[in-house]
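Participant: Model the following, please.
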Amino acid sequence: MNRPITLKQVAAVGVTAAALIPVLVASGQPLTAAPTAQSQGRYLPKSKLTIQSAKLVDLNRNLVALPLHKGDFHGTPVWFIITDASDFGLAHDLDVNYAPKLANMAIGCPACVQEVTLTTPPGNKFNDAVVNFAGIPDFSPMRSLTAGPTGFPPAAAQPGGVGDAHYSPFIRIQGSTVVYNASIVATGLGPFDVVHHINTEDRVLNVDLAAEKVDMLFVRGFDSGQPILYLSTEASDPGAATIERATYVPLLNNSAFMGGDDFLGSARERIFVFANGQTGANNPQAQGLAHVILDGRNGEDAAVDNEGLMSALRNGGDSLNTQGDFPTLDDPRHANAYSPLWDAQVGVWTPDAIAKGLNKRQNDENQILRLAVAGLITGPNGAPYGSAGFVINCPVIAFTNNRPTEDLVPNPLSK
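Facilitator: Down below sits the predicted model:
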């Protein structure tokens, strides 16, 4: 059996990337495709959802239906979802993800948590208090993306939503210490534009006020070797926000803290993204930013009737990123290390890795870290592998095959 390679071992014996190749290949075979609606059935069973409040997950239409909550911004109605909470009891009361790290959001950045107040208007049909927000997104800009010569980086990118100076999706009710992930996804009283998204977030596919629900385009990815689904609602970098169909919220870059991951005081967890993975709509090894731009029809608006886009995403057209910790992991140290605020680790396959055919689809964080230890992936422009300097709000929704339970291989950075 192959033993894990540690940084100390690499330094001590001068192990080369070539010597590590057999270990990396044998350590776990990446899944070549995420399950589709045809292989899994159209709707996911409730037992596979991490957000139990979700009304349904439709694999054919690439959407999750979530409860819609009413808010107010100086007389303007706003509509939001709740996906995570930092308190165990409240997370379970709301049937959302438990994310204790969110309690650290305001460390060094008080504005990263929006303080809100509550009012309960007479006859409120939503049966809960209206949240009074201090800041909101502007969804009126038209999202646009033009592919670059190799897809990524794009030749031009403009996010379709921008948060104002006071907007953060992470909120705390005045007088409470609990932090909720409560992204605003629509503004006004309608009609709601779910084609070009001038008053909705770019992943909104339908708003139903009577049914108190919103349909959101999900993202396919991996965690601990298993295919998962998640949302992408805000990003602190304009290019990332455009590709992710998310709201651009620059203040989140100040959240605690860049590269923090599982360190003391961190609100972040890692997400692993490849800049130059393989491409090709029918390529089972395709993955990454170039792939989602070229093969995932990323420049088009997300709409239920855009069957070309829906088909591309159903068949693996997402960037297929790998997330770090997941709420279903067996070890509570890792399950409770889950956070929806993902610190982006952007990897670039080296020419040597590409020449040797090692640039295959990856689905486990420790396998990716092993590649970094072996020198087969670096950061952008040859920088050391690690935090790329921006975050993405990516609450997880479900797993589509088996429950993620543990990493496929040991962490090569562990002492």
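
Participant: wait, P154 sits on S144?
Facilitator: No. In this structure, P154 is not within contact of S144 by C-beta atoms under 8 Å, at 9.6 Å. Placement of C-beta: from N, CA and C, glycine included.

Participant: if you count what's nearby, which of the two comes out ahead?
Facilitator: Taking neighbours as other C-beta atoms under 10 Å, P154 and S144 compare with P154 leading, 20 against 14.

Participant: Please enumerate the shared neighbours of P154 and S144.
Facilitator: Taking C-beta atoms under 8 Å, 6 or more residues apart in numbering as the criterion, P154 and S144 both touch T242.

Participant: CA atoms only for stretch 238-246, dumped as CSV, please.
Facilitator: What follows is stretch 238-246, C-alpha atoms only, in CSV (Å, rounded to 0.1, in the frame of the first residue of the first chain):
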residue,chain,number,x,y,z
PRO,A,238,-15.6,40.8,-10.1
GLY,A,239,-14.2,38.1,-12.5
ALA,A,240,-15.2,35.3,-10.1
ALA,A,241,-18.6,36.8,-9.5
THR,A,242,-19.2,36.9,-13.3
ILE,A,243,-18.2,33.3,-13.9
GLU,A,244,-20.0,32.1,-10.8
ARG,A,245,-23.2,34.1,-11.7
ALA,A,246,-22.9,35.6,-8.3
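
Participant: what about L264, neighbour count?
Facilitator: The number of residues near L264, taken as other C-beta under 10 Å, comes to 9.

Participant: Look at it and give its secondary structure.
Facilitator: Reducing the assignment at L264 to three states with DSSP: H, G, I helix; E, B strand; the rest coil gives coil.

Participant: For it, which residues are in contact?
Facilitator: No residues are in contact with L264 under the rule C-beta under 8 Å, 6+ apart.

Participant: what does the model give the residue lying closest to R403 once chain neighbours are set aside for pLDDT?
Facilitator: Nearest residue to R403 in three dimensions, chain neighbours excluded: T328, at 4.8 Å (C-beta to C-beta, 6 or more residues apart in numbering). You'll see T328 listed with a pLDDT of 97.

Participant: check contacts around T328.
Facilitator: Contacts of T328 by C-beta under 8 Å, 6+ apart are T50, A335, F399, R403, P404, T405.

Participant: Most neighbours of all those, which one?
Facilitator: Using other C-beta under 10 Å as the neighbour criterion, P404 leads those with 27 neighbours.

Participant: tell me the secondary structure for that one?
Facilitator: Per three-state DSSP, P404 ends up coil.
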